[in-house]
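Q: here is my input, please return the structure:
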Amino acid sequence: MIAAKRKIEGLLLVVDESLTSKNAIQYVGRLLGGRRGFEIHLLYLLPPLPPALLEFGGAEDPRREEELDAELRRDQKKWIESAQSSAEPVLDEATRSLRRVGIADRNIHRGFSYPTEPRDAAHAILEEARAKKCCTVAIGHKTPSWFRKIASGDIAERVLQHASGISLWIVQ
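A: Numbers count the residues shown, from 1 in each chain. Predicted coordinates for the structure are as follows:
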């Protein structure tokens, strides 16, 4: 007898330090805890790169231009690594919360968005959901402060505007 291959459903859970994010983690845990056939992809949205790390003024000498460009890329990489390191405790706590309700380690995946323009955060979430084959996105309704300051709006609302073909769970 050949066992039928089970379809694994993917859910993208956007996490950050906010209370609404913690509520979203608990909500997903209550719904999916102990169930099989689900993979949960935790996504932490990194803030955009600081303006000073986006570009430099350039140089007349092509060799100096290459040096400055390499230095900029090193500084960007260092900043991203630092931002990811700062976010690890949030991902660790989300992972522990999901484990406590019976979700297996092998079904919990962690990732980061890449620093992009704030107005693109909703698109980054949806691109990640599609790339991971997630049919559902769960997100807390409160927007990270860095996004609200720059983009004047709510990520959940922006995701909702563009979430064609994806279920969206907005948790307060």
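Q: lowest average confidence, helix or strand, in this structure?
A: Lowest by mean pLDDT, DSSP states H and E among the helices and strands of the chain is helix 145-151, with a mean of 49.
Q: what's the following helix or strand after it?
A: Using DSSP states H and E, the helix or strand that directly follows helix 145-151 along the chain is helix 155-162.
Q: now do the contacts for Gln26.
A: Counting by CB atoms under 8 Å, 6 or more residues apart in numbering, Gln26 touches Ser97. For the C-beta atoms, the positions are set from N, CA and C on the backbone; glycine is no exception.
Q: now it: how far from Leu19?
A: For Gln26, the distance to Leu19 (CB to CB, to the nearest Å) stands at 10 Å.
Q: what do you get for Ser85?
A: Per CB to CB, Ser85 is found 23 Å from Leu19.
Q: these two touch, right, His123 and Ile155?
A: No: with contact defined as CB atoms under 8 Å, His123 does not reach Ile155; the gap is 10.4 Å.
Q: which of those two has more residues huddled nearby?
A: Between His123 and Ile155, counted using other CB atoms under 10 Å, Ile155 has the larger neighbour count: 24 against 14.
Q: that one and Ile80, how far apart?
A: For Ile155 relative to Ile80 (CB to CB), the value is 20 Å.
Q: now do the strands in the chain.
A: 9-15, 38-44, 108-112, 134-140, 167-171 (DSSP state E).
Q: where does pLDDT dip in the protein?
A: Applying pLDDT under 70 to the chain flags residues 1-6, 56-59, 115-119, 142-154.
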